[in-house]
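S.K.: coords please:
(chains A and B)
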Amino acid sequence: MIVWIVVVVAVLLAVFVIAGYNALVMKRNRVKNGWHQIDVQLKRRTDLIPNLVETVKGYAAHEKGVFERVTEARAAVMKARGPAESAQANNMLSDTLKSLFAVVENYPDLKANQNFLKLQEELTATENKISFARQFYNDMVMDFNNRIQMFPSNIIAGLFRFEAAEFYTVPEAEREAPKVSFTG
Amino acid sequence: MTRPRTDLYRMIARNKRATAFFVVLISLLLGAVGAALGWYFGWGIELYLVFAAGIIVYNLVLYHNSDRIALAVNRARPADPVVYRQLHNIVEEVAIAAGLPKPGVYVIETEAPNAFATGRRPDKAAVAVTTGLLEMMNREELQGVIAHEIAHIRNWDILLQTVVAIIGGLIVLLRDIFLRWGLFFGGGRRSRRSSSGGGQAGLIIVIVGIALAILAPLLVALIRAAISRRREYLADAAGAYIVRNPHGLASALAKLGGSRTKLTTASNATAHMFITSPFAQDRARTAGAFASHPPLADRVRRLQELTVPESED
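M.R.: Numbering: from 1, shown residues only, chains lettered A, B, ... in the order given. Got it, this is the predicted structure:
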């Protein structure tokens, strides 16, 4: 009788550990996948920038300072490693792009240029994708971290050394206007 | 953050249960119809099995082609990624926000502004919008509409729509077959019963046909109850949550309320699929018990009351 109780308890315990471990692995993979999504979109934005700068230069060649800042910010983004550093560099780039589009406001011919309009739509879409991918990533991180810290899954997380994932944060200023819109 | 997610999972589970319930109910009904036929004509077990297998095959074929059929019936064609660049961009960005693979993107060439989503699984889904909608909406509003459609996909509403539509089609098909047999062939000639049985069998088939004729519109009403107005409210709220912005969809719905163009390809059987009723006169009206969509003004009001939860980033 005692033997059977021990066997049943052991089996239940094994099922609990296996299920808990698998759930943690699944959630960690979702976090990784979410990060990959952000990365793809950030890369796409850095790819769009040289074209954009060239197009704007054609109409506003003397606004040198703006172009330099954009190019520098882009280089910083390409060097950045890890969520925190990447977030900071990309926010810098977002700011310089805003000043670039502020410059564009003074050139009506440029604003009507088909090529520019296309680039503007691509950049708007990419900015949205970045912010949505970040939103999804942070949802997944919270879900994963909850699992790691909450009882009883925290026991399994500790046993197999699962570490809490890092949020992709934005500075306070951007919190008020999370989505950048270049249209209008 | 946790609450909407748990609510969502509960809702998805409920959608799947409702789908299973429909399938079981209709299978029992069709089994009974088959058994009645078998009894009357003195079919052996073989013929009865053929009848059952035929219906199963019909359902499977429709199930696996449901998205293509829904798109074809509404004359939707794939949206060219160059011409409809912005539409493709918007669908992709909302899919990212919802954590889904990008669904197929289709356009319908018509003045009437409308949109729908179809498919049987979130990873095999499609959204279709009319050219009238594209002309009418700005970027933010279009994003709101797409978010509503993607919410239908993520909530598994599309599977329920598909299953219910297939069953509705099957009932209509059976009705046509029965009415034709009953009227033109007298039906009972193959009956093994007494000589007077011929006329009787014909009569029975006509009665079954008439019963199905009554059942078909009732089933359409059931479809509308299943893909209920509550689901539309939910898709509105979930869509606003996905893009963390209720204003785009609210403004889009307000514009749709002002439109009086009827979508000519839509029928009663497909009306429930669209973001707003394809029949212009239904849009403004206060919702009756059988309306496929809640009144637009009410949906706009509810969206405006929504406070978007603080995003975690």
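
S.K.: where exactly do the strands run in chain A?
M.R.: Under the criterion DSSP state E, strands are not mapped anywhere in chain A.

S.K.: The closest residue to A:Gly82 other than its chain neighbours - how many residues pack around it?
M.R.: For A:Gly82, ignoring the flanking residues on the chain, the nearest one in space by CB to CB, 6 or more residues apart in numbering or on different chains is A:Glu166 at 7.5 Å. (Glycine included, C-beta is placed from N, CA and C.) A:Glu166 is flanked by 15 other residues according to other CB atoms under 10 Å in any protein chain shown.

S.K.: Might one say that A:Leu119 is in contact with A:Asn51?
M.R.: Yes - counting by CB atoms under 8 Å, A:Asn51 is a contact partner of A:Leu119 at 6.1 Å.

S.K.: For the two, indicate the residue with more neighbours.
M.R.: Neighbour comparison, A:Leu119 and A:Asn51: the larger count goes to A:Leu119, with 20 against 15 (by other CB under 10 Å).

S.K.: ok, that one - contacts?
M.R.: By CB atoms under 8 Å, 6 or more residues apart in numbering or on different chains, the residues touching A:Leu119 are A:Leu48, A:Asn51, A:Leu52, A:Thr55.

S.K.: quick one: the third one and B:Leu134, what's the gap?
M.R.: So that's A:Leu52. Going from A:Leu52 to B:Leu134 by CB to CB, to the nearest Å gives 25 Å.

S.K.: What is the longest helix of chain A by residue count?
M.R.: Ranked by residue count and defined by DSSP state H, the top helix of chain A is helix A:2-59.

S.K.: Can you tell me which helices and strands it packs against?
M.R.: In terms of contacts (3 or more CB pairs under 8 Å, 6 or more residues apart in numbering or on different chains; DSSP states H and E), helix A:2-59 is packed against helix A:64-79, helix A:82-104, helix A:108-112, helix A:114-149, helix A:153-159.

S.K.: quick one on the thing from earlier: more crowded one of A:Leu52 and B:Leu134?
M.R.: Between A:Leu52 and B:Leu134, counting by other CB under 10 Å, A:Leu52 is the more crowded of the two (21 against 17).

S.K.: what does the model give the more buried one for pLDDT?
M.R.: A:Leu52 is assigned a predicted lDDT (pLDDT) of 87.

S.K.: That one and A:Thr126 touch, don't they?
M.R.: No - if you go by CB under 8 Å, A:Leu52 and A:Thr126 don't touch, sitting 10.9 Å apart.

S.K.: of all the contacts of A:Leu119, which comes closest to chain B?
M.R.: If you rank these by distance to chain B using CB to the nearest CB, A:Leu48 comes first, at 12.3 Å.

S.K.: Now stretch B:230-248: average pLDDT?
M.R.: Stretch B:230-248 comes out at a mean pLDDT of 87.

S.K.: Sorry, slip of the keys, the one I care about is stretch B:21-36.
M.R.: On average, stretch B:21-36 scores 73.

S.K.: For that stretch, buried residues please.
M.R.: B:Phe22, B:Ile26, B:Leu30, B:Val33, B:Gly34 (16 or more other CB atoms under 10 Å in any protein chain shown).

S.K.: Kindly report the same for stretch B:94-102.
M.R.: Judged by neighbour count using 16+ other CB under 10 Å, the buried positions of stretch B:94-102 are B:Val94, B:Ala95, B:Ile96, B:Ala97, B:Ala98, B:Gly99, B:Leu100.

S.K.: of these, list those near chain A.
M.R.: Near chain A, judged by CB under 8 Å from any CB of the partner chain, the entries from the buried residues of stretch B:94-102 are B:Val94, B:Ile96, B:Ala97, B:Ala98, B:Gly99.

S.K.: Can you list the low-confidence ranges for chain A?
M.R.: A:170-184 (pLDDT under 70).

S.K.: can you rerun that using 80?
M.R.: Along chain A, segments meeting pLDDT under 80 span A:82-84, A:169-184.

S.K.: which residue of it sits farthest from its center?
M.R.: Here the centre of chain A is the reference, and by CA atoms, centre = their mean the most remote residue is A:Met1, at 56.2 Å.

S.K.: And the helix or strand in which B:Leu159 is found, how far out from the chain middle?
M.R.: With secondary structure defined by DSSP states H and E, B:Leu159 is part of helix B:157-180. Centre-to-centre, helix B:157-180 and its host chain are 11 Å apart (CA atoms, centre = their mean, to the nearest Å).

S.K.: go on, stretch A:10-24?
M.R.: In terms of CA atoms, centre = their mean, the centre of stretch A:10-24 is found 32 Å from the chain centre.
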